[in-house]
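**Q** Here's a sequence, model it:
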Amino acid sequence: MAAFRSISRSCLSPPSRLLRHYKYGSIDIGNNAIRHFTPMTKEEEEAEKHRVASLTPFQKDQELRKLNRKIATLDMMRGINTGELYTWRGRYKQLYREYGMPFMVYYACCWAATGLTLFGLIEFGAVDTTQWLETIDSYMNWNLASRVDPQFGKIGMVVVLNELIDPIRLPIVILTVKPVVDRLYPPKY
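**A** Residues are numbered from 1 along each chain as shown. Presented below is the predicted three-dimensional model:
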């Protein structure tokens, strides 16, 4: 039994010579203590700050361009390794990682523009929402038309129609977000 314990402990805890080679992540260093590692030590971080402070603006620009190319390559390699590069969900996550808040603002603007357009069409196109509600009442055996205020009925119809248009709007937004955001906020690097 004692031999089994020593074997299992030696299998679970890495030898001390391997502990020196871990640079990223966290490892168990014994006594239930976990040591977390960062990509750079404090000394390396200070040396990098000093090096970057001595660069000219042109050199910084060139270095940032090179780093952005490396990051794009690493993102693509991560997508290949996880398989996300070949799925709609993975592409959507990559789009959100790249464009984040501008994507959300662009989508919200498209959603609001569609809603306002629908409201204008219903309001000025003389669409009678109570008539639509009466048609729905006749199919469902409800009595909504008598309970709903006509103005709230128009707003409710706009919200419902706006959500029904979403399967058409979302692919259009996804296809046009890159050119629109790049036009509004041109990439610097």
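
**Q** mind listing what the residue nearest the centre of the chain touches?
**A** When CA atoms, centre = their mean is applied to the chain, the residue found nearest the centroid is Tyr96 (3.2 Å). Contacts for Tyr96 (CB atoms under 8 Å, 6 or more residues apart in numbering) come out as Phe103. Where you see a C-beta, it was placed from the backbone N, CA and C, and this is true even at glycine.

**Q** Repeat that for the one 3 residues further on.
**A** With contacts defined as CB under 8 Å, 6+ apart, Tyr99 is in contact with 177-178, 181.

**Q** Just the buried residues of these.
**A** Among those, those scoring as buried are 177, 181 (criterion: 16 or more other CB atoms under 10 Å).

**Q** Out of the contacts of Tyr99, flag the one nearest to Leu74.
**A** Nearest to Leu74 among those: Lys178, at 19.8 Å, using CB to CB.

**Q** Name the nearest residue to the closest one, ignoring sequence neighbours.
**A** Tyr99 (7.5 Å; CB to CB, 6 or more residues apart in numbering).

**Q** Surely the one you found forms part of a strand?
**A** No: Tyr99: not assigned to a strand; according to DSSP: H, G, I helix; E, B strand; the rest coil it is helix.

**Q** Wasn't Gly156 part of a strand?
**A** No: if the criterion is three-state DSSP, then Gly156 is helix and not within a strand.

**Q** Secondary structure class of the closest residue to it other than its chain neighbours, three-state.
**A** Distances taken as CB to CB, 6+ apart place Val148 nearest to Gly156, at 7.3 Å, with adjacent residues excluded. At Val148, secondary structure determined by three-state DSSP is coil.

**Q** does Val148 really touch Met157, like I thought?
**A** No: the pair Val148 / Met157 is not scored as a contact, 9.9 Å apart, by CB atoms under 8 Å.

**Q** Please enumerate the strands of the chain.
**A** 25-28, 34-37 (DSSP state E).

**Q** Would you mind checking which of those strands scores lowest on average pLDDT?
**A** Of all the strands of the chain, strand 25-28 carries the lowest average pLDDT, namely a mean of 51.

**Q** Output the lowest mean pLDDT helix or strand found in the chain.
**A** Here the helix or strand of the chain ranked lowest by mean pLDDT, DSSP states H and E is helix 2-12, holding a mean of 41.
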